[in-house]
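Enquirer: Quick check, what structure comes out for this input:
(one chain, ligands or ions: 1)
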Amino acid sequence: MKITKIQTYRMCVPLKVPFRTALRTVENMESVVVEVMTDTGHTGFGEAPATAVITGDTLPSITWAVEGVIGPALLGREITQLEEIMHLIQNAMVHNSSAKAALDMAVYDLFAQNLNIPLWKLLGGYRNELETDMTISENPVKQMTEDSLRAVEEGYRILKLKVGKSGIGDAEKVLQIRRELPKDVRLRIDANQGWTPKTAVRIIRELEELGLEMEFVEQPVSAGDREGLKYVTDHVTTQILADEAVFSVRDAAELIRMRAADLLNIKLMKTGGIYPAQTLCSLADAYGVKCMIGCMLEGAVAATAAAHFAGGRSNIGYVDLDGPILGKTNPVDGGAVFGGHLIRLTDAPGLGIRRIQRT
Ligand code: MG
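Expert: Next comes the predicted model:
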């Protein structure tokens, strides 16, 4: 099975409601789909959304990185030479982690198809069902409460509240939403870099003193402020999850060495795909640090690849793969089954994607 052609096209899915975080507001899920074709007639699928405020990648930059720079280096390669292909993808250029992720997952898709087994089994075969949280966008408290209650009605048992814009007022916001929710609903808080280290400690401690349980608080401070992140981790008892602060395996190594966070959020768009994500996950595992599998606002191709990765690995203790559920439609036929709080992985070979309806 040799790589003969690589093509890209755009996928645009309108969101049910606008997605709002401390960093941005978005109304459509837009990404670049990558198809890697072979001389045997097989196609591997990949996808990369543009999240310029986090990765620096845009739709044109992803397209060019795939078609103009990294892709050509892969033509003619035998798919069984996984190690070599993966190094070609990672070393063809610096940065551009989203484009690398899209190609990486398409190659893994083919590698597993060639062996005729589902990718999650190839990557460890740990489980075929994952429970995801539902993200609640940052809005006035009344709307966040309504959105939370609707998610609970739809069966979600874990909610991830986006905050970070109201400073110390975020504590009251979380408290008000919590009061309206059933007791067994678990809460995750994501500040998306919105707080200063001292404000973060003040908010989290206030909530802790009121007895409010949080599974973790995600990226309370600026991505580049590792010392600030450590300050927060050292001064609260709630687990702190690093997200924007950890892209590469080296970032993870540094955060682990500093003990700057309790948990690490792996997103394929940050690591540059499954291959580096495997290393990151193993490194964290060796140090007893649990990881979350997360996603950007990504469609069912990228989220399927993330779900397969998480299905393979026991060190993924938390799942935040609600991207495809936030879209009004899903143009992807096959792949993981995103129906609600439970994501199911099938036994179809590779990622299990049959085709993508052009949007
Ligand atoms: Mg986050």
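
Enquirer: Please point out which parts of stretch 154-170 sit buried.
Expert: The neighbour-count check on stretch 154-170 (16 or more other C-beta atoms under 10 Å) flags 156, 158-166, 170 as buried. Using the backbone N, CA and C atoms, a C-beta is placed for each residue, glycine as well.

Enquirer: how long is it end to end?
Expert: One end of stretch 154-170 sits 25 Å from the other (C-alpha to C-alpha, to the nearest Å).

Enquirer: Could you list the residues in contact with it?
Expert: 20-22, 131-138, 144, 148, 151-152, 173-174, 177, 181, 184-195, 199, 202-203, 215, 218, 320, 340-341 (C-beta atoms under 8 Å, 6 or more residues apart in numbering).

Enquirer: Repeat that for stretch 197-204.
Expert: By C-beta under 8 Å, 6+ apart, the list of residues contacting stretch 197-204 reads 167-168, 170-171, 191, 195, 214, 217, 220-221, 225, 228-229, 231-232, 235-236, 238.

Enquirer: Could you report the separation of whichever residue of the stretch 201-350 of the chain sits closest to the ion from Glu47?
Expert: The nearest approach of the stretch 201-350 of the chain to the ion comes at Asp243, 3.8 Å away (C-beta to the ion). For Asp243, the distance to Glu47 equals 20 Å [C-beta to C-beta, to the nearest Å].

Enquirer: Which strand or helix spans Gln113?
Expert: Per DSSP states H and E, Gln113 falls inside helix 97-115.

Enquirer: And the pLDDT at Thr21?
Expert: pLDDT for Thr21: 85.

Enquirer: Just list the residues touching the residue nearest to Glu254 when sequence neighbours are not counted, thanks.
Expert: The shortest distance from Glu254 to any non-neighbouring residue, by C-beta to C-beta, 6 or more residues apart in numbering, is to Arg226 (6.8 Å). Taking C-beta under 8 Å, 6+ apart, we find Arg226 in contact with 245, 254-255, 258, 260.

Enquirer: With Phe247 instead?
Expert: By C-beta under 8 Å, 6+ apart, Phe247 lies in contact with 55, 97, 270-271.

Enquirer: Name the next helix or strand following the lengthiest strand in the chain along the chain.
Expert: The strand that spans the most residues within the chain, counting by DSSP state E, is strand 3-20. Following strand 3-20 in sequence order, the next helix or strand is strand 25-38 (DSSP H and E).

Enquirer: what is the rounded mean pLDDT of that following strand?
Expert: The average pLDDT within strand 25-38 is 96.

Enquirer: Work out the sheet partners of that strand and label each with its direction, please.
Expert: In the sheet, strand 25-38 lines up against strand 3-20 (antiparallel), strand 43-49 (antiparallel) (DSSP bridges).

Enquirer: Which residues of the stretch 51-200 of the chain lie near the ion?
Expert: For the stretch 51-200 of the chain, the contact set with the ion under C-beta under 5 Å from the ion comprises Asp190.

Enquirer: Mark which of the contacts of stretch 197-204 are buried, thanks.
Expert: Burial by neighbour count, 16+ other C-beta under 10 Å: within the contacts of stretch 197-204 this picks out 170-171, 191, 195, 214, 217, 220-221, 225, 228-229, 231-232, 236, 238.

Enquirer: By mean pLDDT, show me the worst of the strands paired with strand 25-38.
Expert: The weakest mean pLDDT among these belongs to strand 3-20, with a mean of 95.

Enquirer: Buried ones in that one, by neighbour count?
Expert: Across strand 3-20, burial judged by 16+ other C-beta under 10 Å covers 3, 6, 8, 11, 13, 15, 19-20.

Enquirer: export the residues you listed to JSON lines and tack on distance to Ala310?
Expert: Listed next are the buried residues of strand 3-20 as JSON lines, based on distance: C-beta to C-beta, whole Å:
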{"residue": "Ile3", "distance to Ala310": "26"}
{"residue": "Ile6", "distance to Ala310": "26"}
{"residue": "Thr8", "distance to Ala310": "25"}
{"residue": "Met11", "distance to Ala310": "22"}
{"residue": "Val13", "distance to Ala310": "22"}
{"residue": "Leu15", "distance to Ala310": "23"}
{"residue": "Phe19", "distance to Ala310": "22"}
{"residue": "Arg20", "distance to Ala310": "26"}
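
Enquirer: Now for Thr63: which residues touch it?
Expert: By C-beta under 8 Å, 6+ apart, the residues touching Thr63 are 8, 32.

Enquirer: Name the helix or strand for it, please.
Expert: Per DSSP H and E: helix 59-64 holds Thr63.

Enquirer: Tell me how far that helix lies from the chain's centre.
Expert: 20 Å (C-alpha atoms, centre = their mean, to the nearest Å).

Enquirer: buried ones in it?
Expert: Buried residues in helix 59-64, counting neighbours by 16+ other C-beta under 10 Å, are found at 59, 61-64.

Enquirer: quick one: whatever residue of the stretch 1-150 of the chain ends up closest to the ion from Lys162, how far?
Expert: Residue nearest to the ion within the stretch 1-150 of the chain: Thr21 (7.7 Å; C-beta to the ion). Going from Thr21 to Lys162 by C-beta to C-beta gives 5 Å.
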